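S.K.: quick check, what structure comes out for this input:
(2 chains)
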There are 2 protein chains.
Amino acid sequence: MIERSQLEQAIALGRAQPLRYEGFSYVRLLEPVRGYPRGSAVLPDKSVVPGYPSIGRIQSLEAGLPRQFRERFWAEEKIDGFNVRILRYEDTLYAFSRGGFVCPFSVDRVPEFLDPAVFDAEPGLILCAEIAGPDTPYLEGSTPRVAQDVSLFVFDMMRLGLPGFLAQADKFTLLEKYALPAAPVHGQFGADDTEALGRLILRLDAEGAEGLVLKTDDGRERAKYVTGGSCVGDIGVCAEQLLDLPPQYFTNRLTRLAIFLAEHPQSDSDAAARALGRAFLEGLGDAVAQSRGQGRVSHRYRCRFRSEHNARRFIQHLEATGGRHVRIGAAMPRVEGDFWVLEFERLFDHMTGTLSSALAGDRQYD
Amino acid sequence: MIERSQLEQAIALGRAQPLRYEGFSYVRLLEPVRGYPRGSAVLPDKSVVPGYPSIGRIQSLEAGLPRQFRERFWAEEKIDGFNVRILRYEDTLYAFSRGGFVCPFSVDRVPEFLDPAVFDAEPGLILCAEIAGPDTPYLEGSTPRVAQDVSLFVFDMMRLGLPGFLAQADKFTLLEKYALPAAPVHGQFGADDTEALGRLILRLDAEGAEGLVLKTDDGRERAKYVTGGSCVGDIGVCAEQLLDLPPQYFTNRLTRLAIFLAEHPQSDSDAAARALGRAFLEGLGDAVAQSRGQGRVSHRYRCRFRSEHNARRFIQHLEATGGRHVRIGAAMPRVEGDFWVLEFERLFDHMTGTLSSALAGDRQYD
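M.R.: Residues are numbered from 1 along each chain as shown, chains lettered A, B, ... in the order given. I've put the predicted structure just below:
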């Protein structure tokens, strides 16, 4: 809970932002307030959906496991999608993005993946889930775990008003009882199980999966560990925006990949080199072709809504937050079967400018 | 010429730095002063060795040639080394680095490549040259044009007190008359010779050369154009310092390579992808191995001097400018045949810190 006066002060200081979604008034935190992290959402009754805490990454199993874990831990699959927190409030389902916005896309699509009985039986339950697949409005890439459209993977649970996550046992019970779609669980391990986890991560790598999140039973100690292939994959889907992303996006993944290959010498380093080179050059080559063909570099996103109303709410959200970097066709959303389809473009200004100057024959000083 | 009062003012404002090399007093410009660029060196008689101007880069032959050149131009080979300006002043030969320092390594080695008669006949002549090869104290990489040690390639000439460069014809005359070692000249071209220049750059690429500098007869209009392979090569020699160089070092070369491959579709893009991936992964893999083996990431340089005195002057220069990033063994310089050999290490702090934390099993938040 946050008291009204504290919330008003946070809003006055620009640390929190009051928002409306239809008739629902909520406040998202832009900065930590009263111990609640950035991305938390304050509901009309002043209860708080805590921001999803970021999970530290280990880059070495051999050194990282004994350093981070004293007890046994579960290895759950990390799904490459976007993170939402889902709850029911006064008979309506809401899904909050990492930043604390109600996401109209998630609100629209989440109900088809969840049995609402879970919220009847467990009022105040918050499901933390990944939405992933080729048709999301946020992600350039996808995951082999979702062949088309989107799917939802629950991986954590919280209770409104209580700190921390539900214990793993309670989470597994609810997942099973309500047949909730969950991130795959790959077993329980100890800090000395580096070999078994090494085999597991190489299998996941071969399958194109992103990696693992390791969690103790009480859900308190956690770390993530990703595959080499996910580093290459991320570089591939984002190379077309090389100059528009923070360079650390690329340097972090390159460093991580090198450490992964060093720790798993049995992986095929020649194949990794070729895949890495292609990841950069195909994305960049596509950007060059776009610059030549249409004079701009952008990425096209496509997603589907059940309701036209939600699609239009999402367009409003895009226009409010994306500014001139987003282009939405006038004919959007358009009907396709049972869905309302939205296609739009995000423009990459630095790529557009740099490539158009280079291809126009300008001299550049670097 | 810069007047004494102007020079004193520039020094007082921190725009110029008075220095001594043996008994020779000079001033290097840290900022432009009276129209002379950064890197210029003011001699005891207040005459000025102008800073070597940076040459704009074109990334497309087809668009860049007509845009940058109205007249015909010479295509000279760009040698991957470091740039020095060489002149004789009161019977002593000096070589200034790009930053305007007298470089003891260059002072030591330059005489063996030049016939001093050129300075007898042409007082006030300034030779602009590249020093390249596997044994330089500044470069991590080398060029296939120099198999061992170092060589010198003259590519421009200036005259003390006169603006600009000597015309190409005068330069060629002096190069020939004094048999000065020169950067290879690959002929004269016009703005519509994109095909011939395309064939030339692909041949140079296959030979591992860096690229071309294009210059009009009067030396005024200039542009450089480099091979795709030089981008990959630069990434390869510097990947071990990925987190210590400005990220633009890498993003510029990646973008340039993609444009090169798009403009020369006959080049083998699969081989380029593999080479690029290897460039990153071999350099980074070496950094990981260094971190594991010795707890730090560094590059080892080796260079040879004719005189012990110059080697010691160079060590002083390194210690003055490199600080704690440079490690020089106590036994240096050591005698090897007719030479004094200097070996030293430059440490990469960010690589050292990031890798040692990752390999120790720390959790990282990114």
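S.K.: what is the rounded mean pLDDT of the one helix or strand A:Phe153 maps to?
M.R.: Following DSSP states H and E, one finds A:Phe153 within strand A:151-159. Throughout strand A:151-159, pLDDT has a mean value of 98.
S.K.: alpha carbons only: can I get it in PDB?
M.R.: The C-alpha trace of strand A:151-159 is given here as PDB (Å, rounded to 0.1, in the frame of the first residue of the first chain):
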ATOM      1  CA  SER A 151       1.700 -17.600 -26.500                       C
ATOM      2  CA  LEU A 152       1.900 -17.000 -22.800                       C
ATOM      3  CA  PHE A 153       4.300 -18.600 -20.200                       C
ATOM      4  CA  VAL A 154       3.700 -18.000 -16.500                       C
ATOM      5  CA  PHE A 155       7.000 -18.200 -14.500                       C
ATOM      6  CA  ASP A 156       6.300 -16.400 -11.200                       C
ATOM      7  CA  MET A 157       3.500 -15.500  -8.900                       C
ATOM      8  CA  MET A 158       3.000 -12.700  -6.400                       C
ATOM      9  CA  ARG A 159       0.100 -11.700  -4.100                       C
END
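S.K.: in the next helix or strand after that strand, which residues are buried?
M.R.: Downstream of strand A:151-159, the next assigned helix or strand under DSSP H and E is helix A:168-177. Using 16 or more other CB atoms under 10 Å in any protein chain shown as the test for burial, helix A:168-177 gives A:Gln168, A:Lys171, A:Leu174, A:Leu175. In short, each C-beta sits where N, CA and C put it, glycine included.
S.K.: so what touches helix A:168-177?
M.R.: A:74, A:118, A:122, A:125, A:154, A:156-157, A:165-166, A:180, A:182, A:185, A:215-219 (CB atoms under 8 Å, 6 or more residues apart in numbering or on different chains).
S.K.: can you check stretch A:244-255 too?
M.R.: In contact with stretch A:244-255 (CB under 8 Å, 6+ apart) are residues A:231-232, A:234-235, A:238, A:242, A:276, A:348-351, B:239, B:242-243, B:247-248, B:250-251, B:280, B:284, B:354-355, B:358, B:366.
S.K.: now these: which count as buried?
M.R.: Neighbour-count burial (16+ other CB under 10 Å) applied to the contacts of stretch A:244-255 gives A:231-232, A:234-235, A:238, A:242, A:276, A:348, A:351, B:239, B:242-243, B:247, B:250-251, B:280, B:284, B:354-355, B:358.
S.K.: those in helices, which ones?
M.R.: Among those, DSSP state H puts A:231-232, A:234-235, A:238, A:276, A:351, B:250-251, B:280, B:284, B:354-355, B:358 in helices.
S.K.: what's the local residue count around A:Gln17?
M.R.: By the criterion of other CB atoms under 10 Å in any protein chain shown, A:Gln17 has 15 neighbours.
S.K.: so the closest residue to A:Arg334 other than its chain neighbours, which of the three states?
M.R.: Among residues not flanking A:Arg334 along the chain, A:Val341 sits closest, at 5.5 Å (CB to CB, 6 or more residues apart in numbering or on different chains). Secondary structure, DSSP: H, G, I helix; E, B strand; the rest coil: A:Val341 is strand.
S.K.: I'd like to know which elements the helix or strand that contains A:Tyr94 is packed against.
M.R.: If you go by DSSP H and E, A:Tyr94 is part of strand A:92-97. Applying 3 or more CB pairs under 8 Å, 6 or more residues apart in numbering or on different chains; DSSP states H and E, one finds that strand A:92-97 contacts strand A:24-29, strand A:82-89, helix A:104-109.
S.K.: and the buried residues of helix A:168-177 as CSV, adding pLDDT?
M.R.: Converted to CSV, the buried residues of helix A:168-177 look like this (pLDDT from 0 to 100):
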residue, pLDDT
A:Gln168, 97
A:Lys171, 97
A:Leu174, 97
A:Leu175, 97
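S.K.: can you list the residues of the stretch 101-250 of chain A near chain B?
M.R.: Residues of the stretch 101-250 of chain A found near chain B (CB under 8 Å from any CB of the partner chain) are A:Ala223, A:Ala239, A:Leu242, A:Leu243, A:Pro247, A:Gln248, A:Phe250.
S.K.: let's see that with 6 Å instead.
M.R.: Counting by CB under 6 Å from any CB of the partner chain, the stretch 101-250 of chain A comes close to chain B at A:Ala223, A:Leu242, A:Leu243, A:Pro247.
S.K.: just say which of the helices and strands packed on strand A:92-97 is most tucked in.
M.R.: helix A:104-109 (a mean of 25; mean count of other CB atoms under 10 Å in any protein chain shown).
S.K.: give me the mean pLDDT for it.
M.R.: 97.
S.K.: show me where the stretch 201-350 of chain A has helices.
M.R.: Secondary structure of the stretch 201-350 of chain A (DSSP state H, counting those that start in this stretch): helices at A:228-238, A:248-263, A:269-294, A:308-322, A:349-359.
S.K.: quick one: low-confidence residue ranges for the stretch 51-200 of chain A.
M.R.: Within the stretch 51-200 of chain A, no stretch has pLDDT under 70.
S.K.: 90 - rerun?
M.R.: Across the stretch 51-200 of chain A, the ranges flagged by pLDDT under 90 are A:115-116, A:141, A:161-163.
S.K.: just to revisit the earlier point, tell me the two of the buried residues of helix A:168-177 that are most distant?
M.R.: Maximum pairwise distance among those (CB to CB): 11.0 Å, between A:Gln168 and A:Leu174.
S.K.: picking that back up, distance from the chain centre to the strand holding A:Tyr94, please.
M.R.: 15 Å (CA atoms, centre = their mean, to the nearest Å).
S.K.: next one: stretch A:117-128
M.R.: Relative to the mean C-alpha coordinate of its chain, stretch A:117-128 is positioned 22 Å out (CA atoms, centre = their mean).
S.K.: got the end-to-end distance for that stretch?
M.R.: 17 Å (CA to CA, to the nearest Å).
S.K.: ok, which of the helices and strands packed on strand A:92-97 comes nearest A:Arg199?
M.R.: A:Arg199 lies closest to strand A:82-89 among the helices and strands packed on strand A:92-97, at 27.9 Å (CB to CB).
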